[in-house]
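# Please work out how this folds:
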Amino acid sequence: STERYKPGVDINTYVLPAFEKKDGLKPLFQLLQKGIMVASAERKADCATLICDLVQYAPAKNVRLYALQVTGPLIRIIGDKYSPELRTTFYRALNLLLSKSGDALRPFLPQLQTTFIRALKDGCKGVREQGGQALVHIIKLSTRIDNVVNDLSGDVVSNDTEIRESIMTALQNILLAVGAKLQPATRTTVETRMLDLLFNEEEDVRVLAASVLGVCLTYTDDAVFDSIVSGKILTAAPSGVTEEDHGRCVALGQLLKYNGERCAPYHAAIIHNVTAYLKNDNLMTRKAAISVCKYVLNSFNGMTEENKNLVLNELITELTSCIYDTNSSVRYDTVVSISLFGKVCKDTHVNLLGALVPTLLKSVQDSYIPVKLASERALLHLLQIHENPEVLENYLQSVSPIDAKYLKTYVQRVLIKLPKSAEDDLGDF
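Have a look, this model is predicted:
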């Protein structure tokens, strides 16, 4: 059907008219059930692909009526030896069935849980991704969430790097979904294991461990939160050990991302720590600190006047100096971090604008094109060119007439012509 491609039609929620009928899926699912059970490997994969299409373009209430017919056969064949591509297709079909059918598949919940936990340890990345996504759906239906989370956090420690990363990504998403329902002992176990991995020799492992820890701390009581933040993450000065400095730095970012309001008592220490990491000789640690700055800036409005001055006099000074760094990747990461902050924060303090805008007006002249484009996007977001004209007007009143005239001309010549959203808005907040 070409109907789904017409203007105004959301392809993600489009439903084929034939499948809106109660019996619309019945003959197709009966055929697919037999195909999965007796056809050749390639035809089984075709059946699984067709299941994905049917599930995508049918209403959930009708998928629920027939999902059980094909779920059992899919679980049975998924343990056979097939190529990674075929296995990924089978797992994707099960994942989509689960996401659309929910508790209609509860009779198969134990088998599905075992199947997708096994998928997380598969050698194929596509299979592991499907397994992680499906576990988030399963965990919402399960009554054994503490056992699952305990097992996964244990598997993180005992597996190789690629599998470990897949398990940690799944663990983070599971905690986001059901973290509040976990027993305190389970959360403590996860926190302990993630703290150990925070100083791992692999950069990706440290980053993921920090993400899981940041989410897990969202659900802890204040005493545990303070003991971890004060005793494990914040330091009087960088240790000089790359793994430790980088691990603590990325943990600060995730701490602010998921626990912004709870971090208020630690703002001064956080600012001092991040500023120190911005000065670090290690490039990886510096770039991590640059990324953390967007979370610090996003907390600016809620800070005390004393801490606001710390940001303006210490952190911003170091951050803006990174825009003039000889390393183009450092300059780029800096303007992207500022851009992401501007995109999220719609109430940027005029003092922050006064510190950031003049520097960005210089970086738009950077000879490295990605830095130039990212700087334009940063100015567009910070000044809310398309959303709120008053931000620009208020800022123009705070600068000299010459600077105001230059900026106003630049806005009319360049910024106003930029689209509100674009592919060069890279990264997530």
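# hmm, who's touching the host helix or strand of Arg206?
Assigned by DSSP states H and E, Arg206 falls within helix 203-216. Helix 203-216 is contacted by residues 161, 164-165, 168-169, 171-172, 175-176, 179, 187, 190-191, 194-195, 197-200, 228, 243, 246-247, 250-251, 253-255, 257-259, 284 when judged by CB atoms under 8 Å, 6 or more residues apart in numbering. Using the backbone N, CA and C atoms, a C-beta is placed for each residue, glycine as well.
# list the buried ones in that helix?
Val205, Arg206, Val207, Leu208, Ala209, Ala210, Ser211, Val212, Leu213, Gly214, Val215, Cys216 (16 or more other CB atoms under 10 Å).
# Closest one of these to Ile270?
Nearest to Ile270 out of the buried residues of helix 203-216 is Gly214 (CB to CB; 13.3 Å).
# just to revisit the earlier point, pull out the buried members of the contacts of helix 203-216.
Judged by 16+ other CB under 10 Å, buried ones among the contacts of helix 203-216: 164-165, 168-169, 171-172, 175, 179, 187, 190-191, 194-195, 197-200, 228, 243, 246-247, 250-251, 253-255, 257-259, 284.
# Next, the residues that contact stretch 221-232 from outside, please.
With CB under 8 Å, 6+ apart as the test, stretch 221-232 has contacts from 184, 188, 191, 195, 198, 213, 217, 220, 255, 259, 262-263, 266.
# Between those, which sits nearest Ile145?
Minimum distance to Ile145 across the contacts of stretch 221-232 is 13.6 Å, recorded for Pro184 (CB to CB).
# That closest one: how many residues sit nearby?
11 (other CB atoms under 10 Å).
# coming back round to it: any idea of the mean pLDDT for the helix holding Arg206?
Helix 203-216 shows a mean pLDDT of 96.
# again, but for stretch 22-33
Averaged across stretch 22-33, pLDDT comes to 91.
# Measure how far it is from the centre of its chain, please.
Counting by CA atoms, centre = their mean, to the nearest Å, stretch 22-33 is centred 37 Å from the centre of its parent chain.
# Show me what that stretch is in contact with.
Outside stretch 22-33, the residues that touch it by CB under 8 Å, 6+ apart are 18-19, 47, 50-51, 54, 58, 62-63, 65-66, 69-70, 73.
# if we go to 6 Å?
Ala18, Phe19, Cys47, Ile51, Ala58, Asn62, Tyr66, Gln69, Val70, Pro73 (CB atoms under 6 Å, 6 or more residues apart in numbering).
# ditto for stretch 116-136
Against stretch 116-136 from outside (CB under 6 Å, 6+ apart): 84, 87-88, 91-92, 95, 98, 163, 166-167, 169-170, 173-174, 177.
# just the buried members of those?
Taking 16+ other CB under 10 Å as the criterion, what is buried in the contacts of stretch 116-136 is 87-88, 91-92, 95, 98, 163, 166-167, 169-170, 173-174.
# Compute the number of surrounding residues for Leu278.
Using other CB under 10 Å: Leu278 sits among 24 other residues.
# Which secondary structure state is assigned to the nearest residue to it once chain neighbours are set aside?
Leaving aside its sequence neighbours, Leu278 sits nearest to Glu318 (CB to CB, 6 or more residues apart in numbering; 4.1 Å). Three-state call for Glu318 (DSSP: H, G, I helix; E, B strand; the rest coil): helix.
# Pretty sure Ala276 is one of the things Glu318 touches, is it not?
No: under the criterion of CB atoms under 6 Å, Glu318 is not in contact with Ala276, lying 9.0 Å apart.
# Report the set of residues contacting both of those two.
With CB under 6 Å, 6+ apart, Glu318 and Ala276 have no common neighbours.
# Okay, and the closest residue to Ala60 other than its chain neighbours sits in which element?
Leaving aside its sequence neighbours, Ala60 sits nearest to Lys100 (CB to CB, 6+ apart; 5.0 Å). Under the criterion of DSSP H and E, Lys100 resides in helix 84-101.
# Give me the average confidence score over that helix.
For helix 84-101, the per-residue pLDDT averages 93.
# Next SSE downstream of that helix?
Sequence order places helix 109-119 as the next helix or strand after helix 84-101, per DSSP H and E.
# Using PDB, write out every CA atom in that following helix.
C-alpha atoms of helix 109-119 as PDB (Å, rounded to 0.1, in the frame of the first residue of the first chain):
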ATOM      1  CA  LEU A 109       7.400 -15.800  29.400                       C
ATOM      2  CA  PRO A 110       9.900 -18.300  31.100                       C
ATOM      3  CA  GLN A 111      11.100 -19.600  27.700                       C
ATOM      4  CA  LEU A 112      11.300 -16.000  26.200                       C
ATOM      5  CA  GLN A 113      13.300 -14.800  29.200                       C
ATOM      6  CA  THR A 114      15.800 -17.600  28.900                       C
ATOM      7  CA  THR A 115      16.000 -17.200  25.100                       C
ATOM      8  CA  PHE A 116      16.700 -13.500  25.200                       C
ATOM      9  CA  ILE A 117      19.200 -13.700  28.100                       C
ATOM     10  CA  ARG A 118      21.100 -16.300  26.000                       C
ATOM     11  CA  ALA A 119      20.900 -13.900  23.000                       C
END
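# any idea of the angle that helix forms with helix 84-101?
140 degrees (axes from the mean of the first three to the mean of the last three CA atoms, to 10 degrees).
# Please state the offset of the next helix or strand after helix 109-119 from the chain centre?
Downstream of helix 109-119, the first helix or strand assigned by DSSP H and E is helix 125-141. Between the centre of helix 125-141 and the centre of its chain there are 16 Å (CA atoms, centre = their mean).
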